[in-house]
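Engineer: missing the sequence, but the structure's below:
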């Protein structure tokens, strides 16, 4: 009986580890993410896609789960700078994700872009 319980627990742990999304396992650089996020919007403003260099979605405009879903699906349409986001390297996307996720509305320190 104890062996069956132990095997069930080990199996559950393995399934949990294997099915955990990559974004949750990796951690980018939050400071670089904030800088890159603002830099992308500045280039969008220069190109005439947005009116302001200030990023449109604030980090606290979504929950951590919502940010995770956006970056897992690579659906950057809400950012209005789709071309710029699609041209970013994976490391830059991870940094931006880390920044937005760390300051989401349900995080310990929600943050608005200033």
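Structural biologist: Cool, the structure landed. Here the structure is a predicted model, which means the values were calculated and not measured.
Engineer: from now on I want contacts and neighbour counts done on CA atoms only, so please keep to that.
Structural biologist: Fine.
Engineer: who touches the residue nearest the centre of the chain in this structure?
Structural biologist: Nearest to the mean C-alpha position of the chain, by C-alpha atoms, centre = their mean, lies residue 97 at 2.5 Å. Neighbouring residues of residue 97 by C-alpha atoms under 8 Å, 6 or more residues apart in numbering: 28, 33, 67, 68, 71.
Engineer: any idea whether the closest residue to the first one other than its chain neighbours is helix, strand or coil?
Structural biologist: In this case it means residue 28. Nearest non-adjacent residue to residue 28, counting by C-alpha to C-alpha, 6 or more residues apart in numbering: residue 95, 4.3 Å away. Under DSSP: H, G, I helix; E, B strand; the rest coil, the three-state class of residue 95 is helix.
Engineer: neighbours of residue 45, how many?
Structural biologist: Using other C-alpha atoms under 10 Å, residue 45 has 17 neighbouring residues.
Engineer: I'd say residue 70 and residue 79 touch.
Structural biologist: No. Counting by C-alpha atoms under 8 Å, residue 70 stays clear of residue 79, with 10.4 Å between them.
Engineer: any figure for the gap between the residue nearest to the centre of the chain and residue 64?
Structural biologist: Using C-alpha to C-alpha, to the nearest Å, one gets 10 Å for the distance from residue 97 to residue 64.
Engineer: confidence-wise, which helix or strand of the chain is lowest on average?
Structural biologist: Within the chain, judged by mean pLDDT, DSSP states H and E, the helix or strand with the poorest mean is helix 22-25; its value is a mean of 49.
Engineer: immediately after that helix, which helix or strand?
Structural biologist: helix 30-47 (DSSP states H and E).
Engineer: which elements pack onto that following helix?
Structural biologist: Here helix 30-47 touches helix 82-86, helix 90-102, going by 3 or more C-alpha pairs under 8 Å, 6 or more residues apart in numbering; DSSP states H and E.
Engineer: rank those by pLDDT, which is bottom?
Structural biologist: Note on the helices and strands packed on helix 30-47: lowest mean pLDDT is at helix 82-86, with a mean of 90.
Engineer: all set, thanks.
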